[in-house]
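In: okay, here's the prediction I keep looking at, along with the sequence it came from:
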Amino acid sequence: MLLSGDKVVDCVDGIVHEETQLAEDGVDLTVNEVKEVTSPTELDFGGGEEERGDLQVVEPEKRSREDDYGWWNLQGGIYIIDFNEEVKVGEGLGVVTPLERLTSGGSFHSPLLFQGEMDKNPVLLGNPSGLKLKENARISRLMVWKKLAGGNCCTG
């Protein structure tokens with residue numbers, strides 16, 4: 001059964017502005033950090049020679065001194081994003097998908113499916129013409145499915 005947003009909010013810590021982030025079918029997640037992959041990743045069959053690419057934090061830039069928040073001015077390409085929010089869905093199934101506000105502009109991030117704690121970061125594919133993200137932008141929706149038989153899925 002898909003939980004309503006007012007139930008999903010119990011699975012989330014670090015919400016920036018609950019009134020804005022709460023949706024009927026979940027909670028919107030916000031961008032905390034953007035990282036760029038700066039070296040090749042190496043993968044072999046057994047994993048003994050595996051080497052992940054280096055990640056470099058992309059710093060947001062304020063448009064004026066009076067601004068409280070900056071913008072990430074991203075070229076088209078691949079990035080790794082971190083959310084402000086920490087998510088724990090217990091025995092439920094958490095699904096994080098990109099919001100239409102991201103995809104309608106030609107950008108996308110990988111969907112995430114998980115149980116327990118969300119410990120993965122989505123891969124963001126920026127529009128080939130570029131993507132400008134303001135700090136704390138809502139780009140994703142967390143939805144949670146719970147088992148039909150008993151228990152609060154967010155607490156285990």
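Out: Looks like it came in fine.
In: residue ranges with poor pLDDT in the chain?
Out: Across the chain, the ranges flagged by pLDDT under 70 are 148-156.
In: which residue ranges form the strands in it?
Out: 12-13, 22-23, 26-37, 55-58, 71-74, 77-83, 86-87, 93-98, 108-109, 112-114, 123-126, 131-134, 138-145 (DSSP state E).
In: check contacts around the residue sitting nearest the centre point of the chain.
Out: The residue lying closest to the centre of the chain (CA atoms, centre = their mean) is residue 83, at 5.0 Å. Listed by CB atoms under 8 Å, 6 or more residues apart in numbering, the contact set of residue 83 reads 29-32, 121, 140. (Each C-beta comes from the backbone N, C-alpha and C, glycine too.)
In: now, which of these sits nearest residue 52?
Out: residue 121 (12.2 Å; CB to CB).
In: which residues touch that closest one?
Out: 80-83.
In: phi, psi for it please.
Out: phi -120, psi 130 (degrees, to the nearest 10).
In: who does residue 28 form a beta bridge with?
Out: Beta bridges link residue 28 to residue 141, judged by DSSP bridges.
In: residue 49 is nearest to which of the strands of the chain?
Out: Between residue 49 and the strands of the chain, the shortest gap by CB to CB is with strand 26-37, which sits at 18.5 Å.
In: elements contacting the closest one?
Out: Judged by 3 or more CB pairs under 8 Å, 6 or more residues apart in numbering; DSSP states H and E, strand 26-37 is in contact with helix 5-8, helix 18-21, strand 55-58, strand 71-74, strand 77-83, strand 138-145.
In: doesn't residue 25 make contact with residue 4?
Out: Yes. With contact defined as CB atoms under 8 Å, residue 4 counts as touching residue 25 (6.9 Å).
In: ranking the helices and strands packed on strand 26-37 by burial, who's on top?
Out: Among these, strand 138-145 has the highest mean neighbour count (mean count of other CB atoms under 10 Å), at a mean of 22.
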